[in-house]
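Peer 1: Output the structure for:
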Amino acid sequence: MDNSHLFKDAMRAIALGRPSEDLVEKIPEEDMDEWETYTAAVFAGVIEQTLPEEPGLEAIRDFAEETRSRFEDPDMPFPSLVLEGLIRIMAGEDHLLEQIDPEIQIEVSLLTIHRVAIDDDQVNANLEDYLDKAIARAEEWLAV
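Peer 2: Below is the predicted model of the structure:
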């Protein structure tokens, strides 16, 4: 991934709640598939830190509901069912992937990454490690 430094800069800003739009816009259009894969890899890393190795449906729902409550906006409610679906996909329910719009997948993943990076001391303190490991994970996924 030639633009991994751009990916990391943008993701760091998103995770910490800093202005990131300009950073994401610097990512070349031809690298957007890699950016989306990187986003999924960061999402997977922070979810693995936050939830047990094999979370039950109740733990997934509780996490999704807690995340929804963090982003309460009557004009734009947080799609907690999408987050629940994304976590279930990580747990092996791949059939759900086709049912979630890719743009919404990215949006919900980024909001969740931000929420976890702010709330979880382990993720916050080791954010650079998570970003680096996500580069390696994304490269691995893209090689398949």
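Peer 1: all helices of the protein, in order?
Peer 2: 4-16, 21-25, 32-50, 57-70, 80-90, 102-119, 121-125, 127-143 (DSSP state H).
Peer 1: Those helices into TSV, with extra columns for distance to residue 96 and mean neighbour count?
Peer 2: Just so you know, the C-beta spots here come from the backbone N, C-alpha and C atoms, and that holds for glycine as well. Below are the helices of the chain laid out as TSV (distance: least, CB to CB, whole Å; neighbours: other CB atoms under 10 Å):
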stretch	distance to residue 96	mean neighbour count
helix 4-16	24	19
helix 21-25	26	12
helix 32-50	14	20
helix 57-70	12	16
helix 80-90	5	20
helix 102-119	10	18
helix 121-125	24	13
helix 127-143	18	16
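Peer 1: Would you format those helices as CSV with mean pLDDT included?
Peer 2: Below are the helices of the chain laid out as CSV (pLDDT from 0 to 100):
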stretch, mean pLDDT
helix 4-16, 95
helix 21-25, 91
helix 32-50, 96
helix 57-70, 92
helix 80-90, 94
helix 102-119, 94
helix 121-125, 94
helix 127-143, 96
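Peer 1: mind checking how far the residue nearest to residue 93 when sequence neighbours are not counted is from residue 76?
Peer 2: Leaving aside its chain neighbours, residue 93 sits nearest to residue 85 (8.0 Å; criterion: CB to CB, 6 or more residues apart in numbering). According to CB to CB, to the nearest Å, residue 85 and residue 76 sit 18 Å apart.
Peer 1: what's the burial count for residue 75?
Peer 2: By other CB atoms under 10 Å, the residues close to residue 75 number 4.
Peer 1: Then the one 3 residues further on?
Peer 2: If you count neighbours by other CB under 10 Å, residue 78 ends up with 21.
Peer 1: Tell me if I'm right that it and residue 72 touch.
Peer 2: Yes. Counting by CB atoms under 8 Å, residue 72 is a contact partner of residue 78 at 7.3 Å.
Peer 1: May I have the residues that are in contact with residue 120?
Peer 2: Residues in contact with residue 120 (CB atoms under 8 Å, 6 or more residues apart in numbering) are 46, 49-50.
Peer 1: Save the residues you listed as TSV, and put in distance to residue 136 too.
Peer 2: Formatted as TSV, those follow (distance: CB to CB, whole Å):
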residue	distance to residue 136
46	15
49	16
50	20
